[in-house]
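sequence and predicted structure below; questions after.
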Amino acid sequence: MLSRILGFVRDLVLARVFGADAATDAFFVAFKIPNFLRRLFAEGAFSVAFVPVLTEFRTKRTFDELRDFVDRMAGTFGLVLLLTTLVGVLAAPVLIMVFAPGFIGEDEGKYPLAVEMLRLTFPYLFFISLTAFAGSILNAHNRFGVPAFTPVLLNLSLIGCALWLAPVLERPVVALAWGVLIAGSVQFLFQIPFLRQIRLLPRPRVAFRDRGVMKVMRLMVPALFGVSVSQLNLLLDTLIASFLVSGSISWLYYSDRLMEFPVGILGVALATVILPNLSRKHAEQSPEEFSDTLDWALRLMLLLGIPSAVGLMLLAGPMLTTLFYSSAFNAEDVTMATRSLMAYAPGLMAIILIKVLAPGFYAQQDTRTPVKIGIIAMVVNMGLNILLVFPLAHAGLALATSLSSALNAYLLYRGLTASGIYRPKAGWTGLGWRVAAAALAMGGLLVLGAGEVALWFEMGVWGRVWFLALLILAAIAAYFLSLFILGVRPHQFRSRSSS
């Protein structure tokens, strides 16, 4: 929560200092490329391959064997990261050509600026992936707080560079690239004392032929694609958006950032907690508790995800106006970002579902099934991008992401239930109707309270802040009061198997 709130502060600062123009488009592309690879090498494919094997070592092997495995994994993974980082820095011009071909030949100087910043941001991949490696070890030992806190350091670094470094640079936006690089190294160093506390600070040794390392690599190869389909879709959006009017990439970025708030708090947090637990249930051969853990996570996701999606849809304009509206991020920017956020909002539940359902496969060391499903979803997304970008411009790209994510989530759910891995417990129909009714009541309040977006432009900054805060608090109260009246109680969402 702290990380996401600071993320909003960070984006507020970026929008007010830099706005939405060619320079910010160049930065967001330069940041998105290593950020995408981070999802592959860090929280994404690596974590889902590493955590189950690490949990197996912790459950079935001695501590010395566990420590040897961590040492060998650190050395091997670190070498791969180092080589990848060197290639990325050298190939920065080619990477920008591939991921943002629309920048080439523009007279606004997007291409050379993006290349310059990518050479600064790409080493972030090395540091943040090692940070995720350390975080996976801590998560597997049920120490979730430290890894969850580290993104706060990224937000603080970007805020500091935007406010104090940017004014002294010839091209102020380059300060953000320096902020990314600084943040990566600080986040990595922050983890070290906590690894030492559990006596698992690695002594890196390269060992490609080690059985544990080979198992992680074997699981990681298909997961490289499967776990990051949503990120691939976002990169495809960026590629197409690079051909649209300047500002399109920035509008998609700011609307996606508002989407990331509930995704991070619900989806990422649930996935982080349940993957080690599911891996342990699988190692202990407890299929019933495995299914119960998934059921608990899905119920919690339904309870909190539905109102989040409704809120994003109905408060898209007021939230974007309150957070970002300024002389640099004008009314047109707010209007355009509102369109893409409203298109992203229906896909929120699907994106969270993917993050909760995929660990059901990964915990069983099955990375192939999510890959097959991911390929289908990505192909559908590409087709929808082409169909929707012409009538809806950048908002069509956001809507395509929502629709393909829904397909991805459905296929994951069907795979888990058809194989008997997940068996839904009784009570889902009643819970669904109650949540829908409460969300409808909340939505009615928001429609009446929010009014027209034009009215929000006329308010002062603090007037918007207070009114939005009161509106959100009232909506939360209406939702949970409605649930209580309909008979939903907190004890219904406790789970022994998830603790």
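Received the coordinates, thanks. Numbering: from 1, shown residues only.

which SSE is immediately downstream of the lowest-mean-pLDDT helix or strand in the chain?
Lowest on mean pLDDT, DSSP states H and E among the helices and strands of the chain sits helix 229-241, with a mean of 71. Counting by DSSP states H and E, the next helix or strand C-terminal to helix 229-241 is helix 248-262.

could you dump that next one to PDB, C-alpha only?
The C-alpha trace of helix 248-262 is given here as PDB (Å, rounded to 0.1, in the frame of the first residue of the first chain):
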ATOM      1  CA  SER A 248      -0.400   8.600 -26.800                       C
ATOM      2  CA  ILE A 249       2.300   6.600 -24.900                       C
ATOM      3  CA  SER A 250       2.100   8.900 -22.000                       C
ATOM      4  CA  TRP A 251      -1.700   8.700 -21.800                       C
ATOM      5  CA  LEU A 252      -1.600   4.900 -21.800                       C
ATOM      6  CA  TYR A 253       1.200   5.100 -19.100                       C
ATOM      7  CA  TYR A 254      -0.800   7.300 -16.700                       C
ATOM      8  CA  SER A 255      -4.000   5.300 -17.100                       C
ATOM      9  CA  ASP A 256      -2.100   2.000 -16.700                       C
ATOM     10  CA  ARG A 257      -0.500   3.400 -13.500                       C
ATOM     11  CA  LEU A 258      -3.900   3.800 -11.900                       C
ATOM     12  CA  MET A 259      -4.700   0.200 -13.000                       C
ATOM     13  CA  GLU A 260      -1.500  -0.900 -11.300                       C
ATOM     14  CA  PHE A 261      -2.700   0.300  -7.900                       C
ATOM     15  CA  PRO A 262      -5.400  -2.400  -7.300                       C
END
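
quick check: what element follows it along the chain?
Next element after helix 248-262 (DSSP H and E): helix 269-283.

following that next one, which helix or strand comes up?
Heading C-terminal from helix 269-283 (DSSP H and E), you reach helix 287-314.

and the angle for that next one with helix 248-262?
Counting by axes from the mean of the first three to the mean of the last three Cα atoms, to 10 degrees, helix 287-314 lies at 130 degrees to helix 248-262.

how about helix 287-314: buried residues?
By neighbour count with 16 or more other Cβ atoms under 10 Å, helix 287-314 contains the buried residues 289-314. Bear in mind the C-beta positions are built from the backbone N, C-alpha and C, glycine included.

repeat for stretch 389-401
Buried, per 16+ other Cβ under 10 Å, within stretch 389-401: 389, 392-401.

which pair in these spans the largest distance?
393 and 401 (14.2 Å; Cβ to Cβ).

list the buried residues for the host helix or strand of residue 371?
Per DSSP H and E, residue 371 falls inside helix 368-392. Judged by neighbour count (16+ other Cβ under 10 Å), helix 368-392 contains these buried residues: 369-371, 373-374, 377-378, 380-382, 384-385, 388-389, 392.

now for it, which elements pack on it?
helix 211-226, helix 229-241, helix 348-362, helix 394-418 (3 or more Cβ pairs under 8 Å, 6 or more residues apart in numbering; DSSP states H and E).

that one vs helix 394-418, what angle?
Angle of helix 368-392 versus helix 394-418, following the same axes, to 10 degrees, is 150 degrees.

avg pLDDT for helix 368-392?
Averaged across helix 368-392, pLDDT comes to 89.

flag every buried residue along the strand or helix carrying residue 455.
Using DSSP H and E, residue 455 falls within helix 453-458. By 16+ other Cβ under 10 Å, the buried positions in helix 453-458 come out as 453, 456.

on contacts alone, who are the packing partners of that helix?
Helix 453-458 packs on helix 316-324, helix 331-344, going by 3+ Cβ pairs under 8 Å, 6+ apart.

what's the most buried one of those?
When these are scored by mean count of other Cβ atoms under 10 Å, the highest mean neighbour count falls to helix 316-324 (a mean of 24).

what angle do that helix and helix 248-262 make?
Using the same axes, to 10 degrees: helix 316-324 against helix 248-262 is 100 degrees.

for the residue lying closest to residue 57 once chain neighbours are set aside, give me its contacts.
Using Cβ to Cβ, 6 or more residues apart in numbering and skipping residues adjacent in sequence, the residue nearest residue 57 is residue 66, 4.7 Å away. Shown in contact with residue 66 (Cβ atoms under 8 Å, 6 or more residues apart in numbering): 54, 57-58, 200.

now swap in residue 252 and tell me
So residue 252 contacts 237-238, 241, 337, 340, 394, 397-398 (Cβ under 8 Å, 6+ apart).

hmm, try it at 6 Å
241, 340, 394 (Cβ atoms under 6 Å, 6 or more residues apart in numbering).

what score does it have for pLDDT?
pLDDT, residue 252: 89.

also residue 34?
As predicted, residue 34 sits at a pLDDT of 87.

that one - how many residues pack around it?
Around residue 34 there are 25 other residues, counting by other Cβ atoms under 10 Å.

next one: residue 261
18.

just give the nearest non-adjacent residue to it, would you?
The shortest distance from residue 261 to any non-neighbouring residue, by Cβ to Cβ, 6+ apart, is to residue 4 (4.8 Å).

tell me the spacing between residue 174 and residue 166.
Using Cβ to Cβ, to the nearest Å, residue 174 is found at 8 Å from residue 166.

quick check: neighbours shared by those two?
By Cβ under 6 Å, 6+ apart, no residue touches both residue 174 and residue 166.

quick one: which of the buried residues of helix 368-392 is nearest residue 90?
Residue 90 has its nearest neighbour among these in residue 378, at 27.9 Å by Cβ to Cβ.

name the spans of the stretch 201-350 of the chain whose pLDDT lies under the cut-off.
The model of the stretch 201-350 of the chain has pLDDT under 70 over residues 223-235.

which one of the helices and strands packed on helix 453-458 lies closest to residue 218?
helix 331-344 (34.7 Å).

list the contacts of the closest one.
Helix 331-344 is contacted from outside by 20, 251-252, 254-255, 258-259, 313, 316-317, 320-321, 325, 394-395, 398-399, 457, using Cβ under 6 Å, 6+ apart.

kindly format the C-alpha coordinates of that helix as PDB.
Written as PDB, here are the backbone C-alpha positions of helix 331-344 (Å, rounded to 0.1, in the frame of the first residue of the first chain):
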ATOM      1  CA  ALA A 331      -7.500  19.100 -19.900                       C
ATOM      2  CA  GLU A 332      -7.000  17.300 -23.300                       C
ATOM      3  CA  ASP A 333      -4.400  15.000 -21.600                       C
ATOM      4  CA  VAL A 334      -6.800  14.200 -18.800                       C
ATOM      5  CA  THR A 335      -9.600  13.500 -21.400                       C
ATOM      6  CA  MET A 336      -7.400  11.200 -23.400                       C
ATOM      7  CA  ALA A 337      -6.000   9.300 -20.400                       C
ATOM      8  CA  THR A 338      -9.600   8.900 -19.100                       C
ATOM      9  CA  ARG A 339     -10.600   7.100 -22.300                       C
ATOM     10  CA  SER A 340      -7.800   4.600 -22.000                       C
ATOM     11  CA  LEU A 341      -8.400   4.100 -18.200                       C
ATOM     12  CA  MET A 342     -12.100   3.400 -18.800                       C
ATOM     13  CA  ALA A 343     -11.000   0.800 -21.400                       C
ATOM     14  CA  TYR A 344      -8.500  -0.800 -19.000                       C
END
